[in-house]
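J.: Fold the following, please.
(2 chains)
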2 protein chains.
Amino acid sequence: MSTLARMDAQALAALHRDLTRDYEALKGRKLSLDMTRGKPAPEQLDLASGMLALPGNRDHLTQSGEDARNYGGLQGLAEVRALFAPVLGAPAAQIVVGNNSSLAMMHDFLVYALLRGVPGGSKPWSKEEEIAILCPVPGYDRHFALAESFGIKLVPVPLTGDGPNMDEVERLVADTKVKAIWCVPQYSNPSGETYSSETVERLARMKTGAGDFRILWDNAYALHHLGDERPHLRNILDACSEAGNPDRPIIFASTSKVTLAGAGLAFLAGSPTNVRWYLDSAGKRTIGPDKLNQLRHVRFLKDLKGIHDHMEKHRSLIAPKFAAVEAAFESRLAPYGFANWTKPDGGYFIILDVMEGTANRVVALAKAAGLALTPAGSTHPYGKDPLDKTLRIAPTYPSLAEVKQAADAVTLCALLAACEKRLASEG
Amino acid sequence: MSTLARMDAQALAALHRDLTRDYEALKGRKLSLDMTRGKPAPEQLDLASGMLALPGNRDHLTQSGEDARNYGGLQGLAEVRALFAPVLGAPAAQIVVGNNSSLAMMHDFLVYALLRGVPGGSKPWSKEEEIAILCPVPGYDRHFALAESFGIKLVPVPLTGDGPNMDEVERLVADTKVKAIWCVPQYSNPSGETYSSETVERLARMKTGAGDFRILWDNAYALHHLGDERPHLRNILDACSEAGNPDRPIIFASTSKVTLAGAGLAFLAGSPTNVRWYLDSAGKRTIGPDKLNQLRHVRFLKDLKGIHDHMEKHRSLIAPKFAAVEAAFESRLAPYGFANWTKPDGGYFIILDVMEGTANRVVALAKAAGLALTPAGSTHPYGKDPLDKTLRIAPTYPSLAEVKQAADAVTLCALLAACEKRLASEG
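T.: Below is the predicted model:
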């Protein structure tokens, strides 16, 4: 077997025949598999099944004696903020606990910025002629869709393996129109990379044209290790404070992939100024969050060790799924030399770069064979991957057996599409 | 004893001496009572104590077999929407279930209208030079504060006992700048009145200058009866549909004062067009609501009879508190002839109209005596009651014994302030 690039026309034609035969067989198996989203598997949710009867009757008083059943407590329970302070890398006093979705807190941050403006700014962002947000690519489609839905211009910046290309970022943020950057700093969605300390320092120090520039630091996978290595992520609050830009970062996180995907807690953290500003706006929106769900989390997770122990159980369920995908790619794609993929140490995704110009074709082939993949291009602003080559593989939700089937199916579709492409360019 | 208006200077001076002596005695008792907000008492929350261990371990499947623990289900569980359809007066398909706060859904409605525009409109509301919202007064301070915080102009309209003065409303909505009206149509906060069928019909039929005018129908007290009478509230969706304005109303409600104030469910209902529009924006904000809390509600309340039975238990706890306040006002204020108050058949508030120009003084006197009242003026846009006479009394949270003390204290402060005022105008 030689790499696809070195095959002559005859070898390509033979390979195409074999792959087409295999693909027809695959279709005949009538699979129904879904690898579109980073969803926890039912077995992962079972890990938190003890929560469904918590806090339990007559258990509704917080550490400070508040009644968690009633209104109020806008910032969230003190014990929850203390528990997650080390996870967020922020003092408990600088943390806000929200309801079940960190995406909602990012949405609300943008809304408050658009309609009221942020500290350090001279007017609401919606009053500017045009504003833009930097989008490291490949990135998270919901980040992009959220900003796009408010008419914010999405500006792609390539990721390097150590975070975004900082020369590019520093050049772009000189523009006063650029108000923010999306970052998933650890086990980035979907590339899996963790920002280096140098990247974090440069983000903290860089000169921005906009005086009210914000780093939207979505640390969604702070706890989500797959290997034994623990990456060191430089604390963004500290780095920005030390650089004299304390109000620059807004940190987000959630327990959606720790406890229960639909019934977790979301967190926002930042400088005292940012937190006061956020609470002032949030206080117009609600009298307070669901504090019983906060109590439920404290009762279940107990302490930081409890959180880490719980994450180890997740790891034992999902690491084999990642390994299965990597093994399939290694054995079935590596020999042909055209594909690349990530081997993440954490997070929820694998990036598979197929042959340029074939990602859409691979997704279509997979779909026709009963395997749903995230649409090609979804990792890029406006859903447009200029090279049409990046696929996001989400191995957590299906069972291990299904993941193996799905990974085999993906390799077959990627190979077939690449072979078609080579044949077309030969012809 | 004669009415205050008929007392001569000597009688007034004698009364003032007596009241001052009583007031000093009141201060000596060092009360610490809070009647500021419409909060359920702990005993009311105890009624839902069975919920704190629900749905229970291994109970996480919905009627249709979805896993309520995972992401998704943006519109809310079908069984929750079916359960509350008769409460909202809308088909289940036209209901959205949110997290714990209907105020948050009102906020988000306004945000989507401001940043994206609503069906029937030509542009986002934030792109208009100026927009205004009609505010029936006395009204709910959080409604007013929310709209004000977005720079929406608040235009007061007097309530009549049958809802807002519709001649005034019809005149005002001819202005294209007027985009919406706040309504609490049943047991209005705080007047307690229920809109008559004629009021609802006129709201539905009236010609509005803005083609994208909305009625924000906050039916917060749909289930919250105090007496045996059940008011008939004309269905706003039907009325608007029949009038050819199906997209005009947006209905809000919640279970905050049914189950748990901080951990209830919120609802939005409207025309199919409005619901699609809302979900389209909400889908950018979140992957779905907390469906376990939805399941918890269904397991606990079971059916419509379960809801009504539960509300009867609330009634038996809070109706005596309302009766105690009314009895105190009747026995201690009625003889003096200057004050008026509501005798609501439902809801959470009593309006006490004290002597003109004294409401702020009454609140200050009460505060100095250890009784916190809602700030005078809070029932009016911008916190400004031009007559300085309307007080909102919230009797639910304190115990019955405390409510009696507080009601006596309020009457004393109201009398003292009135007496001071009369003396000042005599002098």
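J.: CA only for contacts and neighbour counts going forward, please
T.: Noted.
J.: Run through the residues that contact residue A:71.
T.: A:287-288, B:39, B:261-262 (C-alpha atoms under 8 Å, 6 or more residues apart in numbering or on different chains).
J.: Among those residues, name the buried ones.
T.: A:287-288, B:39, B:261-262 (16 or more other C-alpha atoms under 10 Å in any protein chain shown).
J.: Any chance of a markdown table for the contacts of residue A:71, columns distance to residue B:204, pLDDT and secondary structure?
T.: Formatted as a markdown table, those follow (distance: C-alpha to C-alpha, whole Å; pLDDT from 0 to 100; DSSP: H, G, I helix; E, B strand; the rest coil):
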| residue | distance to residue B:204 | pLDDT | secondary structure |
| --- | --- | --- | --- |
| A:287 | 31 | 95 | coil |
| A:288 | 33 | 97 | coil |
| B:39 | 32 | 95 | coil |
| B:261 | 31 | 97 | coil |
| B:262 | 33 | 97 | coil |
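J.: Out of these, which two sit at the greatest distance?
T.: A:288 and B:39 (12.7 Å; C-alpha to C-alpha).
J.: Just the element for residue A:135, please.
T.: Element membership of residue A:135 [criterion: DSSP states H and E] is strand A:132-137.
J.: Using neighbour counts, pick out the buried residues of the very next helix or strand once past that strand.
T.: Per DSSP H and E, the first helix or strand lying C-terminal to strand A:132-137 is helix A:141-149. Neighbour counts over helix A:141-149 (16+ other C-alpha under 10 Å) mark A:141-148 as buried.
J.: again, but for stretch A:332-339
T.: A:332-334, A:336, A:338-339.
J.: and what of stretch A:6-26?
T.: So for stretch A:6-26, counting by 16+ other C-alpha under 10 Å, buried means A:12-13, A:15-16, A:19, A:22-23, A:26.
J.: how about the buried residues of helix A:141-149 in TSV, adding distance to residue B:113 and pLDDT?
T.: Converted to TSV, the buried residues of helix A:141-149 look like this (distance: C-alpha to C-alpha, whole Å; pLDDT from 0 to 100):
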residue	distance to residue B:113	pLDDT
A:141	24	96
A:142	21	97
A:143	21	98
A:144	21	98
A:145	18	97
A:146	16	98
A:147	16	98
A:148	16	97
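J.: Including distance to residue A:365, could those go into TSV?
T.: Formatted as TSV, the buried residues of helix A:141-149 follow (distance: C-alpha to C-alpha, whole Å):
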residue	distance to residue A:365
A:141	22
A:142	25
A:143	27
A:144	26
A:145	26
A:146	29
A:147	31
A:148	29
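J.: Need the pLDDT of residue A:325.
T.: Looking at residue A:325, its pLDDT reads 98.
J.: Put the alpha carbons of stretch A:340-358 into CSV.
T.: The C-alpha trace of stretch A:340-358 is given here as CSV (Å, rounded to 0.1, in the frame of the first residue of the first chain):
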residue,chain,number,x,y,z
ASN,A,340,-4.3,14.5,9.9
TRP,A,341,-6.0,14.3,13.2
THR,A,342,-5.6,15.5,16.7
LYS,A,343,-4.8,13.3,19.7
PRO,A,344,-6.3,15.4,22.5
ASP,A,345,-5.3,15.1,26.2
GLY,A,346,-8.8,16.3,27.1
GLY,A,347,-12.0,17.9,26.0
TYR,A,348,-14.8,16.4,23.9
PHE,A,349,-13.6,16.4,20.3
ILE,A,350,-11.1,15.1,17.7
ILE,A,351,-10.3,17.2,14.6
LEU,A,352,-10.0,15.2,11.5
ASP,A,353,-8.5,17.0,8.5
VAL,A,354,-9.4,15.1,5.4
MET,A,355,-8.2,15.8,1.9
GLU,A,356,-8.7,19.5,0.9
GLY,A,357,-12.0,20.0,-0.9
THR,A,358,-13.6,16.8,0.4
